[in-house]
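# Build the 3D model from these lines:
(chains A, B, C and D)
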Amino acid sequence: MDGLNIPLNHVLLVSSLLFVIGLLGLMIRRNIIFILMSLEVMLNAAALAFVGAGAHWGQPDGQVVFMLILTVAAAEVAVGLGLVLQIQRRFKTLDMDHANRMGG
Amino acid sequence: MRELIWLIPLIPLLSSVTLMLSSGKFPRLLIGLLGVGSVGSAALLTLALGLDFMANPEVLQLTLWTWMQVGSFAPGVAFYFDGLTLVMMSVITGVGFLIHLFSTEFMEDDVSYARYFAYLNMFVAAMLVLVMADNLLLLYLGWEGVGVCSYLLVGFWYQNSANGQAARKAFIVTRIGDTAMALGLLLLFTELGTLNIQSMVGAANESWQVGDTLPLIACLLLLGGAVGKSAQLPLHTWLPDAMAGPTPVSALIHAATMVTAGVYLIARTHGLFLLAPTAMLVVAIIGITTSLIAAFTALMQSDIKRILAYSTISQIGYMFLALGVGAWTAGIFHLMTHAFFKALLFLGSGAIIHCLHHEHNIFKMGGLRSKMPVTFWSFMIGSAALAALPMTSGFFSKDQILLEAYQFPDIGPWLWFAGLCGALLTAMYSFRLVFVVFFGQVKTKPDKDTGWRMALPLSVLCGLSLVGGYFIIPVESVFPMSTGTHPAHWVEYVSISVPLVGLLLAYLIFQSGQLRVDGLVNSAIGKIMRQFWLSGWGIDWLYERLFVRPYYAFASLLKAEPVDAVYGLVVTFNEALNGWLSQSQTGRMRWYITSMVAGLVVLVAVALQLSPEAI
Amino acid sequence: MIMVNLILILLVGGLLAMISERFGKNVPRIVALGIVLIDLVYLLSQLSGMSDLTQLQAPIPSDPGTWLMHFKAEWIPAFGISLELALDGISLLMVTLTLVLGAIAVSASWTDIKIRRGFFEANLLWTLAGVLGVFMALDLFLFFLFWEVMLIPMYFMIAIWGHENRGYAAMKFFIFTQVSGLLMLISILALVSVNQSATGQWSFSYFDLLGTPMSEKVAHWLMLGFFIAFVVKLPAFPFHTWLPDAHTQAPTAGSVILAGILLKTGAYGLIRFAVPLFPEAAMDFSYVAMALGAAGIIYGAILAFGQTDFKRLIAYSSVSHMGFVLLGVYAWNELALQGAVMQMVAHGFSTAALFMIAGALQERLHTRELREMGGLWQHMPRMGAVAMFFVLASLGLPGLGNFVAEFLVLLGLFQVDPWMTAVAALGLIAGAVYSLMLMQRSFHGEPNPKLTEMGLVDFGTREMITMVVMMLALIGLGIYPQPLLDMAQPVLQSLLEVTP
Amino acid sequence: MLEITLFYTAATVALIATVMAMTRANAIHALIYLIVSLLAIAVIFFLIGAPFAAALEIVIYAGAIMVLFVFVIMMLNLGDKGDRQEREWLQLKVWAGPAVLAIVLFIELLYVISTAEGPVSTTSVSAKEVGLSLFGPYVLAVEIASMLLLAGLVGSFHLGRRYLERDSFDVENSAARREAE
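Residues are numbered from 1 along each chain as shown, chains lettered A, B, ... in the order given. Modelled structure (predicted):
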């Protein structure tokens, strides 16, 4: 099997590509639903990197961190979507550029 | 008895303080008694002291207390009394007393009677301290004290801004000289380790050679003070303006006493000047130049007090000439006689002004000979003495100065000749004044004649002006004997005859009209010269442009505080930064995220750059 | 303990004054005056128990036992911070000056404070407490603390009771002093840590920090930190720009305290800390400092001449006068130092008095603009005469304290650098120019007809008493300054021995 | 060999699906692409020897979390208007700057991971091992995660409750407004 294994840096490459795509989405989307989705993608990318690294060393720690990320994602989505509903109610739109009261 | 010398300045000082504290609540009689009485008693004490000194000519040194002591610097409040001091004190208290008496009548209608005498007494006290001081610092105290009193008295009628202007000019111009003098004091102390005049001169003779640079610098700095106070070139411009003060003030301060302080200073420190022949030469040249310039200017003036003011400048120029050629005794002698006859002339003009509703222009006067006989004779005698007609007091002193100037090496005859020209001019302008004011048509009628309080001082001063020349001043122990031989007789004859020629010229031009000068005066050059001399050789004009206006311009330029503008830049920068950064607070999430990513990119790049091995 | 009491009396007194407003609007000022006088009497009574003050032994700077008073209590021992106060001749002079001028300042604002008088008097007393602390603290941490303590109440005084542009002035004052104070804090901390690495012990005590060995470069930078803090306070050109605003906008008592006392803390700091702690660095730096001093004299005088605001003119004259102090300190010989100390005291009186006159005019005319004055002597001859006296004092008339000070400074300076002296002496001329201009525009000249209708009231008894006290003080300093010189002499002597 | 082929296929699918998800105008479409992406990542997990993670990815991520999204999108009921709006927002000028930044960041990441040598281990880490370390050395993290979930629960309940009580809220508001008038 030697030489035919999946190379670690390819896994990381995929992970970082996903991360960057998620980041790009975060930067360009104005709809808060898409922003939350982008966040999910980024979290996932990070999780992939962890799991990949864990697998590289053959240790369970990567997956443990994956699970922590999972909980964070779940909590974040729960609260985030709750906020989405509130924003829709207050501003009658999901455009985050409207929620700019903190502008200086 | 002599130990009570400190009472002499103290009495006028106390009187002055009392008058100041009275807030003008004393009756006039009491004010007059205090003002005149204090100076009178000082004069009596001086007289007693003088008699005592004549009998037993011993120098007195009296330290009241140490003013301040820092290390070896320990000037005392201490008096030094010798013949020179005695002469000065006599002039100050004697002439001072007469002028105070005169003032009681001259100022009788003034609302600020008490203030006037407070200032005048203060002046006498300060002047006495000046001449009695045994060290230069105490002398400086008196020096500045008289300056302040002069300022206060010139600007006595403060409601008129022009008077304030004149007073300020007087103080500031003399202050320029005073600052030079202060620097001289610093130099002398630093080099010689004392400011006590006697020991300083002794130390100077030990550590310096004749012709060294340091004594030259020190003497020139002291000379700066002297020319400021004595209204010599180039700091003479304040004196004509200082005539804005009450006339008795002009008589006391700006003719008899304060303006001669410079002469006194140089005479007092003659030991230093002897070490710096160049400085002496400068003194002589300044003296004779000033004398001529002022005499020309006096010839053109029409304000009676300004004529006398320029005449004073001119006469002090003679004293400087005397000092410069080493004729110390003659210089001090002329100081004394000048105090008599110039005080007489000023008081006389004061009487005229008092009786003529404050008229100053001589061409609006005329024919006063019969209306004001006392004043007329005062003027006649005063002018004769001023012009140095034979047998008057001015004759003896001025003649002596000219003769000694003639003997001065190298340029002596030139100095003598210039002095003669001055004497000619002096005779002309002084008798021009007499002829215009007292002869001819009556143009303004006097509404009163002088009372006894005016007449008495005038008479006494008349007498002094006549016989003052026979006084022998007790300064032979103070100054080195002049060693010159007697010059040829023709020199003496010329010296005697020149004033008479001047008198004759004045008569022909201003009285009989036989000598017509209209053509000369009205020619193009004549007009220009006339204007030029009238304005005092344009020196005021020059200073106005050289110093006053640039200073004003500079001050108004700086008023905006350029330094603060620099700090303002910091503020502006911060405000700009604030504006810029708060604009970046758009409140838009995408903008924040993008900024964060940009920051992240930079941070990662920096981290990679800084420690690539960490990966 | 005496020194602690001196400060505590003022601190507690401030609280009392604040509370006393409940008993009537005019009670706080009486309380405040009483507190300051009690403090002054307390100080004098404690001193009279001591040996003859003119026979002071020379305190060895590094040996607290030789000082007039010394108090030390532990505070934060872990860092070597203690409550250390000490008094020598110079501090004693300054403390006395502070209390005398403090009483005068209370009197100066007797009537012109209309709102929250209790709090005003409290701030005044707290400022005084801070100043006393600055003059007595010899633990650098404590010194810094007091340095800040005197700043904050002063800020309130300007910001709450000041004139039309008070907010700006107060903020400017605060920022300038705060930033410079921060530099000093950095220097203090650095100095302490340098000392710690040399001796292995943390200590903020002046006595331990004297003679800390350090490299030339370090000494230079640390000295600069102290120097800037002190010259901003002094203030010296070009750090002076806070002063005209602060002085002009402050209420009368504030101006009196600012000009009379607060500026002196800067000079005191230079003499006590900036030079002795870093003797070599300070001496290397002396020409720069002296040049700043000379520049300040001339610059301040010219700007004073250009002003048309009474208080602003006096404020710039302070810049000019403080230039002499800076020159005196950095000429660093006995004559010049005595002159500097003398100038601190004399300027305290003369400028405080002029500010009081300005305050009195403002109260009567509701303006400080010189162009709207003129001929005031006619209406208020007493005030005119008093103003004339202090104007003459400030232009350095011999026989008054300022002359002695300026002459001694110039004399000392001449031995170091004659040319600098010549430049500084120009300040004497420029000083005369602006001083007389001030007199001309306010009290002399044609009476302004508008003013005649206002029914101006001359100085009353209370004002005259304060003025006469200051006049007598200046005359005393002018004709017999010896007691003061004797008091400072041993201290200066021993400080001079610290430097090479 | 099969594994490697599968890995690259899954990776490609994940990337394409993610890109599609990010660029859709319609939220439901995007969501479905996202689910595809998540499933592909689950495959990768499986391939690199983390079967437990793969299962969780499918069950929790693709199953539970995404379903939340679906519900919310349904509640919001965006419709065609929302789609048009989204298309307007996706302009090139909006893209350009962030894209540059993202590419630079990616290059930096690439530089960092380029040093990661070696293969992924073939031995899979079993759920048991994961469980042992979860409740062994990571027990504190598990506790914290539980707290986090609790907080998320409370928070979402709170936020959502107000949404459901919208009408009553508006009534209160208008009542307050009337009083103010």
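# Show me which positions of the lengthiest helix in chain A end up buried.
When chain A is scanned for its longest helix (criterion: DSSP state H), the result is helix A:61-91. Of the residues in helix A:61-91, those with enough neighbours to count as buried (16 or more other CB atoms under 10 Å in any protein chain shown) are A:61-88. All C-beta atoms are positioned from the backbone trio N, CA, C, and that covers glycine.
# Give me the contact list for stretch C:449-462.
C:107, C:110, C:360, C:364-365, C:372-376, C:379-383, C:386, C:467 (CB atoms under 8 Å, 6 or more residues apart in numbering or on different chains).
# ChimeraX command for the buried members of those residues?
Buried subset of those, written as a ChimeraX selection, criterion 16+ other CB under 10 Å:
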select /C:107,110,360,364,365,373,374,375,376,379,380,381,383,386,467
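# Let's see which of the contacts of stretch C:449-462 end up in strands.
With strands defined by DSSP state E, no entry of those lies inside them.
# Would you quantify the distance from residue C:266 to residue C:319?
12 Å (CB to CB, to the nearest Å).
# which neighbours do these two share?
Taking CB under 8 Å, 6+ apart as the contact criterion, the common neighbours of residue C:266 and residue C:319 are residue C:235.
# if you look at the lowest-mean-pLDDT helix or strand in chain A, does any of it touch chain D?
Lowest mean confidence among the helices and strands of chain A (mean pLDDT, DSSP states H and E): helix A:61-91, at a mean of 88. Yes. Part of helix A:61-91 sits close enough to chain D to count as contact by CB under 8 Å from any CB of the partner chain, namely A:61-64, A:66-68, A:70-79, A:81-86, A:88-89.
# Which of the three states applies to the residue in the stretch 351-500 of chain B positioned nearest to chain D?
Taking CB to the nearest CB as the measure, the stretch 351-500 of chain B has residue B:358 as its residue closest to chain D, at 80.8 Å. Secondary structure for residue B:358, judged by DSSP: H, G, I helix; E, B strand; the rest coil, is coil.
# Tell me which stretches of chain D form strands.
Remark: strands of chain D are absent; assignment by DSSP E.
# which one's the longest helix in it?
Assigned via DSSP H, chain D shows its longest helix as helix D:139-164.
# Pull out the buried positions in it.
Within helix D:139-164, the residues that qualify as buried are D:145, D:148, D:152, D:155, D:156, D:159, D:160, D:163, counting by 16+ other CB under 10 Å.
# Out of these, which are close to chain A?
Answer for the buried residues of helix D:139-164 near chain A (CB under 8 Å from any CB): D:145, D:148, D:152, D:155, D:156, D:159, D:160, D:163.
# so which of these comes closest to residue D:76?
For residue D:76, the nearest member of these is residue D:163. The distance, counting by CB to CB, is 10.5 Å.
# Need the per-residue pLDDT for the closest one.
At residue D:163, the predicted lDDT confidence score is 57.
# Closest residue of the stretch 151-300 of chain C to chain A?
Per CB to the nearest CB, the residue of the stretch 151-300 of chain C with the smallest distance to chain A is residue C:171, at 21.9 Å.
# pretty sure residue C:390 is in contact with residue C:355, am I right?
No. Taking contacts as CB atoms under 8 Å, residue C:390 lies outside contact range of residue C:355: 9.8 Å.
# the more surrounded of these two?
Applying other CB atoms under 10 Å in any protein chain shown to residue C:390 and residue C:355 shows that residue C:355 carries more neighbours, namely 30 against 27.
# and the more buried one, what does it touch?
Neighbour list for residue C:355: C:108, C:247, C:252, C:255, C:256, C:259, C:311, C:314 [criterion: CB under 8 Å, 6+ apart].
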